[in-house]
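pasting the sequence and the predicted model now:
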Amino acid sequence: MARVVKTLVATAFSFLISIPPAMGQQAQTTQAPDPTAPITAQKLTKEQKKKMGKALKELDAQYKQWLNEDVIYIISPEERTAFLQLNTSEEREQFIEQFWLRRSTNPDLPDNDFKEEHYRRIAYANEHFASGIPGWKTDRGRTYIIWGPADEVDSHPTGGTWDRPMDEGGGSTSTYPWETWRYRYLEGLGNNVELEFVDPSGSGEYHLTMDPSEKDALTHVPGAGLSLLESMGLASKADRFTRSDGTNLPTTMGGEPASLNEFTRLEQYAKIQQPPPVKFKDLEALVTSRIVRDQLHFAWRTDFLKVTNDTVLVPVTVQIPNTQLSFKEKEGVHSASMNVFGRVSTLTGRVVQTFEEAVSRDFPDSLFQQSVRLQSIYQKAVPLRPGLYRLDLVIKDVQSGNVGVVNTRLQVPRYEDEKLEASSLILADQIEHVPAKQIGAGQFVIGSSKVRPRLEGDFTSQDKLGIYMQVYNLKPDDKTHKSSATFLYTVKKADQKAEQPAIMQFKETSVDMKQTGDQITIERLLPLATLAPGKYTLEVSATDALANQSISRSADFTVKPPAVAPTKTAANTTPGR
């Protein structure tokens with residue numbers, strides 16, 4: 001993960017969830033904000049600050065604890081302000097739910113990975129960093145909760161003799177208990193971030209320091225713990241206390257390293273106590289400002305699958321020809337990178353979902369010419385409520401800086417309870433079951449299967465046409481409690497008249513499929529060897545024999561001759577790491 005972030009910063013690629021106010025909203029209002037809406041910065045008046053202080057005192061204990069303990073280090077000032085302006089417990093519960101969803105890497109999953117990791121860090125901090133106060137309140141606890149475990153920890157729990165590095169004056173001294181935490185990379189702070197914690201009281205309460213000399217137990221002892229220049233008589237220990245950079249370091253023989261610069265230390269001290277920034281800021285700016293650039297052309301599609309009565313899973317799939325990416329050759333490997341940003345918002349401008357990913361493609365010399373003619377595909381599944389939305393997609397090629405943007409209408413259907421319903425019909429080039437640990441997780445995974453759409457719908461007669469569809473609300477028999485459904489698959493020429501016979505047709509039942517519940521999943525691989533080259537339409541019809549209801553879905557596809565090289569999809573499953 002650190003490599004991803006490092007690459008993104010090196011290419012100045014980061015974006016921040018910053019949402020404009022809802023269109024048509026009045027400049028001044030007493031109405032509580034929408035708890036599910038993303039947060040915007042606002043300057044508070046004295047009256048508003050006083051009102052929020054009162055609101056904090058009147059909060060129920062559970063919400064006060066959530067605000068002042070659970071998320072105190074990771075909630076932004078804007079989010080805190082918005083939370084204190086909510087009026088009801090229902091609004092606060094909605095806000096908390098959206099708070100965690102905004103931070104989850106997989107919002108479509110029932111378990112929020114960010115939330116679980118956050119509370120694991122709190123538990124760890126309380127167990128390992130407590131010192132008369134709970135571990136989460138200590139400086140080490142706060143740092144661990146915000147940034148996670150350090151890559152390296154240099155611990156000196158009893159202090160003792162210490163040889164200073166030359167850039168801190170050299171020489172030997174004795175120290176208080178101290179620790180140095182090293183992070184190879186922290187987003188917003190850079191590479192090789194070192195943090196020092198000192199326990200001058202010996203009580204076990206280490207605090208974060210900006211002064212590398214604070215751990216020196218002999219600083220105020222005359223003639224003891226001298227630096228190299230001080231022991232040679234070329235500097236006075238008293239010089240340590242006349243420095244204007246906030247430290248008591250000895251005079252050094254050489255110049256001052258950048259890490260000891262007072263402004264660098266002060267900036268790091270401030271940033272380390274803030275939540276990490278969100279990446280890909282410039283991609284979101286393209287969406288927010290509605291700039292449309294037509295430098296990259298890519299295909300996209302959305303599918304709809306029922307989760308609950310009020311939630312629909314919407315896989316958003318984008319596909320770009322590798323010929324549009326800029327590849328860079330190094331040591332026999334051709335590499336390209338692109339950043340993908342997506343945003344779903346209501347028609348009033350309120351953002352309900354965002355996603356972003358760094359996607360990389362790497363090909364060896366021997367496969368480059370063949371692979372560059374293929375496609376790279378990416379998918380993100382987002383849970384949405386039924387309704388009308390706006391979908392914004394942005395793809396940027398990192399090497400060339402070329403950008404492609406799509407802004408489109410997104411109508412998420414509502415699945416009724418007492419009516420036979422069906423998901424989208426997905427034509428795929430790959431349908432396979434995944435291991436138990438991957439069920440419901442990862443790109444192209446729907447339930448227990450990996451379903452990779454063929455966006456252009458082009459197949460050869462040597463391929464198998466993957467068919468995926470879900471059917472909902474099948475009526476169970478009162479006695480057996482099993483459903484009874486029939487599924488008819490019909491393939492016709494694209495320009496074929498309705499009265500003409502089908503090119504191919506076959507049928508199966510829920511009993512044949514060994515699925516007799518109220519929901520049935522169709523997963524089939526249809527050989528295309530008997531079809532002549534041309535354009536076709538596949539129709540899948542489902543009939544509920546007990547409820548006497550039917551529903552059908554159709555999709556177009558093309559069969560090409562075997563002589564034409566297959567337009568297989570080079571699926572990306574490796575975000576740039």
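Alright, I've got the coordinates.

does residue 335 belong to a helix, a strand or coil?
Under DSSP: H, G, I helix; E, B strand; the rest coil, residue 335 falls in the strand class.

I meant to write residue 369 there.
Per three-state DSSP, residue 369 ends up helix.

so what's the residue count around it?
10 (other C-beta atoms under 10 Å). Where C-beta positions appear, they are placed from N, C-alpha and C, glycine not excepted.

which pLDDT value goes with residue 558?
For residue 558, the pLDDT comes out at 94.

which residues are in contact with the residue nearest in space to the middle of the chain?
Centroid-nearest residue in the chain, with C-alpha atoms, centre = their mean: residue 105, separated by 3.5 Å. Contact analysis of residue 105 by C-beta atoms under 8 Å, 6 or more residues apart in numbering lists 113-114.

surely it forms part of a helix?
No: going by three-state DSSP, the assignment for residue 105 is coil, not a helix.

so how far is residue 311 from it?
According to C-beta to C-beta, to the nearest Å, residue 105 and residue 311 sit 19 Å apart.

likewise for residue 338?
30 Å.

which of the two has more residues huddled nearby?
residue 338 (29 against 15).

show me the strands in the stretch 101-250 of the chain, by range?
Remark: strands assigned in the stretch 101-250 of the chain by DSSP state E, counting those that start in this stretch are 152-156, 160-163, 172-175, 178-186, 190-198, 207-209.

how about those strands in a markdown table, adding distance to residue 527, mean neighbour count and mean pLDDT?
Listed next are the strands of the stretch 101-250 of the chain as a markdown table, based on distance: least, C-beta to C-beta, whole Å; neighbours: other C-beta atoms under 10 Å; pLDDT from 0 to 100:
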| stretch | distance to residue 527 | mean neighbour count | mean pLDDT |
| --- | --- | --- | --- |
| strand 152-156 | 56 | 13 | 92 |
| strand 160-163 | 74 | 12 | 88 |
| strand 172-175 | 74 | 18 | 90 |
| strand 178-186 | 50 | 18 | 90 |
| strand 190-198 | 53 | 18 | 90 |
| strand 207-209 | 65 | 17 | 90 |
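
out of the ones you listed, which is closest to residue 216?
Relative to residue 216, the nearest member of the strands of the stretch 101-250 of the chain by C-beta to C-beta is strand 172-175, separated by 5.2 Å.

what residues does the closest one touch?
156, 159-164, 215-218, 224-226.

try it again at 6 Å.
Applying C-beta atoms under 6 Å, 6 or more residues apart in numbering, the external contacts of strand 172-175 come out as 159, 161-163, 215-218, 225.

against residue 401, how distant is the residue of the chain most remote from its centre?
Residue farthest from the centre of the chain, counting by C-alpha atoms, centre = their mean, is residue 233 at 57.6 Å. Distance of residue 233 to residue 401, given as C-beta to C-beta: 59 Å.

same question for residue 494.
Taken as C-beta to C-beta, the span from residue 494 to residue 401 is 39 Å.

then residue 121?
The value you get for residue 121 to residue 401, if C-beta to C-beta is used, is 37 Å.

check residue 80 too.
37 Å.

repeat that for residue 461.
Taken as C-beta to C-beta, the span from residue 461 to residue 401 is 41 Å.

so those two - more neighbours on which side?
Neighbours per residue (other C-beta under 10 Å) separate residue 461 from residue 401, with residue 461 holding more: 16 against 10.

the strands in the stretch 401-550 of the chain, which residues?
Going by DSSP E, counting those that start in this stretch, the stretch 401-550 of the chain shows strands at 403-412, 421-422, 426-433, 445-446, 449-453, 458-460, 464-472, 485-493, 504-509, 520-527, 534-544, 549-560.

contact partners of the longest one?
Contacts with strand 549-560, where a contact means C-beta under 6 Å, 6+ apart, come from 420, 422, 425, 427, 457-461, 528, 531, 533, 535-543.

would you mind writing the CA trace of it as PDB?
Taking Å, rounded to 0.1, in the frame of the first residue of the first chain, the C-alpha atoms of strand 549-560 are listed here in PDB:
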ATOM      1  CA  GLN A 549     -45.600 -14.600 -13.700                       C
ATOM      2  CA  SER A 550     -42.900 -14.100 -16.300                       C
ATOM      3  CA  ILE A 551     -40.000 -11.800 -16.800                       C
ATOM      4  CA  SER A 552     -37.300 -11.600 -19.500                       C
ATOM      5  CA  ARG A 553     -34.000  -9.800 -20.100                       C
ATOM      6  CA  SER A 554     -32.000  -9.600 -23.400                       C
ATOM      7  CA  ALA A 555     -28.600  -8.500 -24.600                       C
ATOM      8  CA  ASP A 556     -26.800  -8.300 -27.900                       C
ATOM      9  CA  PHE A 557     -23.500 -10.000 -28.800                       C
ATOM     10  CA  THR A 558     -21.400 -10.500 -31.900                       C
ATOM     11  CA  VAL A 559     -19.800 -13.700 -33.100                       C
ATOM     12  CA  LYS A 560     -16.600 -13.300 -35.100                       C
END
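
what angle do it and strand 485-493 make?
Here the directions of strand 549-560 and strand 485-493 differ by 30 degrees (axes from the mean of the first three to the mean of the last three C-alpha atoms, to 10 degrees).

strand 549-560 pairs with which strands?
The pairing partners recorded for strand 549-560 under DSSP bridges are strand 458-460 (parallel), strand 534-544 (antiparallel).

ok, now the third one?
Strand 426-433 sits in its sheet next to strand 449-453 (antiparallel), strand 464-472 (antiparallel), going by DSSP bridges.

again with the second one
With DSSP bridges as the criterion, the sheet partners recorded for strand 421-422 are strand 464-472 (antiparallel).

avg pLDDT for the strand it pairs with?
94.

that one to strand 520-527, inter-axis angle?
170 degrees.

which parts of strand 464-472 are buried?
464-472 (16 or more other C-beta atoms under 10 Å).

how about the residues you listed in a markdown table, adding distance to residue 99?
Compiled in a markdown table, those are given as follows (distance: C-beta to C-beta, whole Å):
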| residue | distance to residue 99 |
| --- | --- |
| 464 | 44 |
| 465 | 43 |
| 466 | 38 |
| 467 | 40 |
| 468 | 34 |
| 469 | 35 |
| 470 | 31 |
| 471 | 36 |
| 472 | 31 |
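
and the gap between residue 169 and residue 245?
For residue 169, the distance to residue 245 - C-beta to C-beta - is 14 Å.

okay, those two: which has more neighbours?
Under the neighbour definition other C-beta under 10 Å, residue 169 and residue 245 were set side by side, and residue 169 has more, 23 against 15.

the more buried one contacts residue 226, doesn't it?
No: the pair residue 169 / residue 226 is not scored as a contact, 8.9 Å apart, by C-beta atoms under 6 Å.

hang on, residue 376 in a strand?
Yes: membership of residue 376 in a strand is supported by three-state DSSP.

would you map the helices across this protein?
Remark: helices assigned in the chain by DSSP state H are 2-10, 46-58, 61-65, 77-84, 89-103, 113-128, 139-147, 228-231, 262-271, 281-288, 365-371.

least reliable of these by average pLDDT, please.
The bottom spot among the helices of the chain, by mean pLDDT, belongs to helix 2-10, with a mean of 37.

ok, back up a step: out of the contacts of strand 172-175, flag the one nearest to residue 297.
The closest of those, once distances to residue 297 are taken by C-beta to C-beta, is residue 215, at 58.6 Å.

mind checking pLDDT for that closest one?
Taking residue 215 on its own, its pLDDT is 86.

please report how far it lies from residue 198.
5 Å.

put the alpha carbons of stretch 474-494 into PDB.
Provided in PDB are the C-alpha atoms of stretch 474-494 (Å, rounded to 0.1, in the frame of the first residue of the first chain):
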ATOM      1  CA  LEU A 474     -40.200 -16.800  -6.800                       C
ATOM      2  CA  LYS A 475     -43.300 -18.000  -5.000                       C
ATOM      3  CA  PRO A 476     -42.800 -21.100  -2.800                       C
ATOM      4  CA  ASP A 477     -45.300 -24.000  -2.700                       C
ATOM      5  CA  ASP A 478     -47.400 -24.000   0.400                       C
ATOM      6  CA  LYS A 479     -46.600 -27.600   1.200                       C
ATOM      7  CA  THR A 480     -43.100 -28.200  -0.100                       C
ATOM      8  CA  HIS A 481     -41.900 -24.600   0.400                       C
ATOM      9  CA  LYS A 482     -40.000 -24.900  -2.900                       C
ATOM     10  CA  SER A 483     -40.400 -22.700  -5.900                       C
ATOM     11  CA  SER A 484     -41.100 -24.000  -9.500                       C
ATOM     12  CA  ALA A 485     -39.600 -22.000 -12.300                       C
ATOM     13  CA  THR A 486     -38.700 -22.500 -16.000                       C
ATOM     14  CA  PHE A 487     -36.000 -20.700 -17.900                       C
ATOM     15  CA  LEU A 488     -36.000 -20.300 -21.600                       C
ATOM     16  CA  TYR A 489     -32.900 -19.300 -23.500                       C
ATOM     17  CA  THR A 490     -33.400 -17.900 -27.000                       C
ATOM     18  CA  VAL A 491     -30.700 -16.800 -29.500                       C
ATOM     19  CA  LYS A 492     -31.900 -14.900 -32.600                       C
ATOM     20  CA  LYS A 493     -30.200 -12.900 -35.400                       C
ATOM     21  CA  ALA A 494     -30.100  -9.200 -34.400                       C
END
